[in-house]
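Student: Here is the input, now give the coordinates:
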Amino acid sequence: MKKLLAILLSLLLIPSFSYANKWQTNMKKQEKKDFANYVLRNQSKNKMVFNSRNVPNRLGLIKFFDKIEDDMGVAEKGIEFNLSYSDEGDKLDWSRWGKPGFAQRFQIQEPNKHATKKGKTKWYRVGYFIPKKFDTFKHNISLFDFKMIYGKGEKAVGPSFNINNNNIVWIFNGPNYKVAANESGEQYNFDGYVVHLDDTFSPLRGKWVNLLINAKWAKDGFLHFWIDGKLRSSYFGDVLGGASRVRFKFGPYRNYMTDATDQGLEIKDVVIRYSNIGKADKCDDLWSGCDEIINQLNNNSQVHGAISVNMCIPSGDADKPASCNNLGYPQNSRPF
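Tutor: Numbers count the residues shown, from 1 in each chain. As a prediction, the model looks like this:
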């Protein structure tokens, strides 16, 4: 578990550069049409843009498909990302901290004007399919994440779903944070909950997996997280941290690759498929059987199907790990 956390600590501490509109690239008319037809649903349709730090969109990097069936006979249409280490990336990712090979991405995101305003409640859905053998040894890939916007700039990380050091983790902010300086002005370093998910509880690789999130982005908020219709994490508390808006992103974001390459490890090509990506005001707009979903909630925080839950407190220095405390799950069934 310490090896898992050693990398995650840094992930929780990523300085969030101040993103304004210049950090987005609008989709062309056909691209917008393809995403709307194959991938995006409800409020996300025709309202997403490319992250301008994406690797170059070479031939074969992304492919839309009408039908891909898993071994269980579930078939979906969607998009496939084929990300290669040789794609490198934007210099602010690839050469972050002055060392080549740190990070690369191809993300689709909400522009500022479509990010969710504070106080609002939203539902989000993400379908994904990764192979049973999916190597992230000594590094991390985020499949989707949220960013916290203060004014017009991203200044803090938000909840994220990651394959980290070959472990699958759900990370979200705790109520406490410190403000620190960075090259773009300031960043907010949050204490973070790290839920290490147990993929024997329900398979998370080698099949279509559907994730559902319900968030009230407020100081008196909540963040509920289901996998294939089963509640895995339910948190009540401040999930906003003083932000004015919350941005949703999806697509592979691979980072801390230098932790692997410094040890002579090869960063392998990855294939990630997505389907049914969307944001909505109501569960029914994204999911069938919402009564069963909502009936799993109560007024208390919950965790199910996890190996461990940790609270990590950032050091404030990107070169130094955070301090993490195991919160005693599963013996402590309500670790937050």
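Student: What separation do you get for the nearest residue to residue 55 once chain neighbours are set aside and residue 237?
Tutor: With Cβ to Cβ, 6 or more residues apart in numbering as the measure, residue 87 is the residue that lies nearest to residue 55, at 4.0 Å, once sequence neighbours are left out. For the C-beta atoms, the positions are set from N, CA and C on the backbone; glycine is no exception. As defined by Cβ to Cβ, to the nearest Å, residue 87 lies at a distance of 39 Å from residue 237.
Student: Contacts for whichever strand or helix holds residue 33 next, please.
Tutor: Counting by DSSP states H and E, the element that carries residue 33 is helix 29-38. Residues from elsewhere that reach helix 29-38 (Cβ atoms under 8 Å, 6 or more residues apart in numbering): 27, 45-46, 48, 64-66, 77-79, 108, 275.
Student: Which of the residues you listed has the largest number of neighbours?
Tutor: Within the contacts of helix 29-38, residue 48 tops the neighbour count with 27 neighbours, counted by other Cβ atoms under 10 Å.
Student: re the thing from before, give me the pLDDT for the residue nearest to residue 55.
Tutor: Residue 87 carries a pLDDT value of 98.
Student: any idea how far it is from residue 282?
Tutor: The value you get for residue 87 to residue 282, if Cβ to Cβ is used, is 38 Å.
Student: Which one of these two is surrounded by more residues?
Tutor: It is residue 87, of residue 87 and residue 282, that has more neighbours when counted by other Cβ under 10 Å, with 19 against 12.
Student: now that one: how far from residue 220?
Tutor: The value you get for residue 87 to residue 220, if Cβ to Cβ is used, is 43 Å.
Student: Ok, residue 205 next?
Tutor: With distances defined as Cβ to Cβ, the gap from residue 205 to residue 220 amounts to 36 Å.
Student: Name the residue in these two with the higher neighbour count.
Tutor: More crowded of residue 205 and residue 220, by other Cβ under 10 Å: residue 205, with 15 against 11.
Student: Count the residues that sit near the residue found closest to residue 51 once you drop the neighbours it is linked to in the chain.
Tutor: In space, and not counting its chain neighbours, residue 51 is closest to residue 107: 4.2 Å by Cβ to Cβ, 6+ apart. Using other Cβ under 10 Å, residue 107 has 20 neighbouring residues.
Student: Am I right that residue 107 is in contact with residue 254?
Tutor: No. Applying Cβ atoms under 8 Å, one finds residue 107 not in contact with residue 254, separated by 10.7 Å.
Student: Can you identify each of the helices in the chain by residue range?
Tutor: Along the chain, the segments classed as helices by DSSP state H run 2-12, 29-38, 91-94, 258-261, 290-294.
Student: Now the longest one: average pLDDT?
Tutor: Looking back up the chat, that one is helix 2-12. This predicted structure assigns helix 2-12 an average pLDDT of 51.
Student: mind starting the numbering at 45 from now?
Tutor: I'll keep to 45 as the first residue from here, and by that count the last item is helix 46-56.
Student: Quick check: the gap between residue 207 and residue 256.
Tutor: Taking Cβ to Cβ as the measure, residue 207 and residue 256 are separated by 19 Å.
Student: One more: residue 210?
Tutor: With the distance defined as Cβ to Cβ, residue 210 ends up 24 Å from residue 256.
Student: Same check on residue 105?
Tutor: From residue 105 over to residue 256 (counting by Cβ to Cβ), the distance is 28 Å.
Student: ditto for residue 233
Tutor: Per Cβ to Cβ, residue 233 is found 28 Å from residue 256.
Student: Regarding the chain, what is its longest strand?
Tutor: Across the chain, the strand with the greatest residue count (assigned by DSSP state E) is strand 211-226.
Student: Distance from that one to the middle of the chain?
Tutor: The gap between where strand 211-226 is centred and where its chain is centred comes out at 13 Å by Cα atoms, centre = their mean, to the nearest Å.
Student: any idea of the mean pLDDT in that strand?
Tutor: Averaging pLDDT along strand 211-226 yields 86.
Student: Parallel or antiparallel, list what pairs with it.
Tutor: Taking DSSP bridges as the criterion, strand 211-226 forms sheet pairs with strand 197-208 (antiparallel), strand 229-241 (antiparallel).
Student: Just the buried positions in the last one, please.
Tutor: Which is strand 229-241. By neighbour count on 16 or more other Cβ atoms under 10 Å, the buried set for strand 229-241 is 231-241.
Student: From the residues you listed, pick the one nearest residue 159.
Tutor: Nearest to residue 159, judged by Cβ to Cβ, of the buried residues of strand 229-241 is residue 232 at 16.0 Å.
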